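>>> Here's a sequence, model it:
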Amino acid sequence: MLKIGIIGCGKIARVRHIPEYLENPNVDVVAYYNRTFEVAQSYEKTNGGKAYASIEELLNSDVDAVSVLVPNRDHAAVTIQALKAGKHVLCEKPMATTLEDSLEMVKTSRETGKILLIGQNQRLAKSHVKAREIIESGELGEIIAFQTHFAHPGPEGWTGKKDSWFFDKKVASFGVMADLGVHKTDVLHYLTGQRIVKTFAELKTLNKKYSNGTPISVDDNAFAIYTLENGAVGTMHVSWTNYGEEDNSTIIYLEKGKIRCYDNDEYSLIVENSDGTSINYILDVLTSNKEQTTGGRTSTGVIDEFINRILTGTPSLLEGESVIDSMKVIFANEISARDSSIVGIE
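Model (predicted):
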């Protein structure tokens, strides 16, 4: 049995990582750390294991692997610390707050021989997997254009706090562009099999305010025009100000048809052919933030992927190195928005 430690016992630990670990027969969750020690102790009482007062103490224990679930600014430092302590790491997205830190995480994983996966769970969504298969087959021809969205009411519903740490640039470093935009940027790379090589982006704070009425210090809406290697052009919009039904959709336009992912309540994947025929798939459901907040949940597959990677050595879709290209785009979007310029991405 693998022994698992949880570093950061917030909402993502409670509704995603810990439940999915507990469902996996090959692991025991034995260690918890949280900045507020009482929170870690609460997991000790309900799930067993031990709460630790510091990250160092947890890493000095006999855990085999850890989930790094701390705020964005600490992802790199804690991940590197854990890898050097001989632990395999599953780190939540966004990977890090600078490209240099992202690369250092990958380098440390390589040097220590320890596994580093990043929680880019949309790569594992069944309709995305099927859509990638169809695109790779070439049956619909070349990609011409695309659009992708991820929009919900914001992280305060997720955290239960009006002044969420997600809104504080000193803690989060990023706003919605990295929180949700890294998912959709990454899924475009995954679906198309191509890198985004150029971007023009706008990052805006349009609506969100702290409880004292002042605007939050990060973007609550982000827009980008992306160009792929083959010249296809498309858009990404991510938002924390969608106060209606959550939108987590992607549409790919190709020479011989169109692929629609998660834009229909009944069918998770719809393939429309140029001859007027279509194929509708019921493959899975992406759990919304609202559903997770109210107790609804479907497995992301990320934990099983992590455990399988450790136990079998089989390369994973979520390898840290494979996320670098998506992080490059996120950082390029920040530069583009700051300078009002088109930015090329190597």
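>>> Tell me both backbone torsions, phi and psi, for the residue nearest to Leu140 when sequence neighbours are not counted.
Nearest residue to Leu140, sequence neighbours excluded (Cβ to Cβ, 6 or more residues apart in numbering): Leu254, at 4.1 Å. Yep, even glycine has a C-beta here, placed from its N, CA and C like the rest. Backbone torsions of Leu254, given as degrees, to the nearest 10, read phi -130, psi 170.
>>> Look up how far Glu245 lies from Leu254.
Look at Leu254 and Glu245: by Cβ to Cβ, to the nearest Å, they are 27 Å apart.
>>> who's more crowded, these two?
Between Leu254 and Glu245, counting by other Cβ atoms under 10 Å, Leu254 is the more crowded of the two (23 against 10).
>>> quick one: contacts for the more buried one?
By Cβ atoms under 8 Å, 6 or more residues apart in numbering, the contact set of Leu254 is 135, 140-144.
>>> Quick check: of the residues you listed, which lies closest to Leu191?
Leu191 lies nearest to Ile135 out of those, by Cβ to Cβ, at 6.2 Å.
>>> just checking, that closest one touches Ile143?
Yes: contact criterion Cβ atoms under 8 Å: Ile135 and Ile143 qualify, at 7.0 Å.
>>> list the residues that contact both of those two?
Overlap of the contact sets of Ile135 and Ile143 (by Cβ under 8 Å, 6+ apart) consists of 192, 252, 254.
>>> For the residue lying farthest from the centre of the chain, give its distance to Lys256.
Going by Cα atoms, centre = their mean, the residue of the chain most distant from its centre is Asp275, 36.0 Å out. Distance, Asp275 to Lys256, by Cβ to Cβ: 8 Å.
>>> hang on, the earlier thing: among the contacts of Leu254, which lie within helices?
Of the contacts of Leu254, the ones assigned to helices by DSSP state H are Ile135.
>>> Angles on the backbone of Gly301, please.
The phi/psi pair for Gly301 (degrees, to the nearest 10) reads phi 90, psi -10.
>>> burial measure for the nearest residue to it once chain neighbours are set aside, as a count.
For Gly301, the nearest residue in space outside its immediate sequence neighbours is Leu124; the separation is 4.1 Å by Cβ to Cβ, 6+ apart. Leu124 sits with 20 neighbouring residues when counted by other Cβ under 10 Å.
>>> List the contacts of Leu124.
300-302, 305, 317-318.
>>> okay, the residues you listed in CSV with secondary structure and pLDDT next?
Putting those into CSV (DSSP: H, G, I helix; E, B strand; the rest coil; pLDDT from 0 to 100) gives the following:
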residue, secondary structure, pLDDT
Thr300, coil, 92
Gly301, coil, 95
Val302, helix, 97
Glu305, helix, 98
Leu317, coil, 97
Leu318, coil, 98
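>>> Looking at Ile135 and Ile143, which is more packed in?
A count of neighbours by other Cβ under 10 Å puts Ile143 above the other of Ile135 and Ile143, at 23 against 20.
>>> Quick check: the more buried one vs Leu90, distance?
Here Ile143 is placed at a distance of 31 Å from Leu90 (Cβ to Cβ).
>>> same thing with Lys3?
14 Å.
>>> just to revisit the earlier point, tell me the secondary structure for the residue farthest from the centre of the chain?
Secondary structure, DSSP: H, G, I helix; E, B strand; the rest coil: Asp275 is coil.
>>> longest helix of the protein?
Taking DSSP H as the criterion, the chain has its longest helix at helix 324-339.
>>> For that helix, which helices and strands make contact with it?
Helices and strands touching helix 324-339, by 3 or more Cβ pairs under 8 Å, 6 or more residues apart in numbering; DSSP states H and E, are helix 99-112, helix 176-179, helix 181-192, strand 196-204, strand 221-228, strand 343-344.
>>> Residues contacting that helix, please?
With contacts defined as Cβ under 8 Å, 6+ apart, helix 324-339 is touched by 94-96, 98-99, 102-103, 106, 120, 174, 177-178, 181-182, 185-186, 189, 195-196, 199-203, 219, 222, 224, 226, 341-346.
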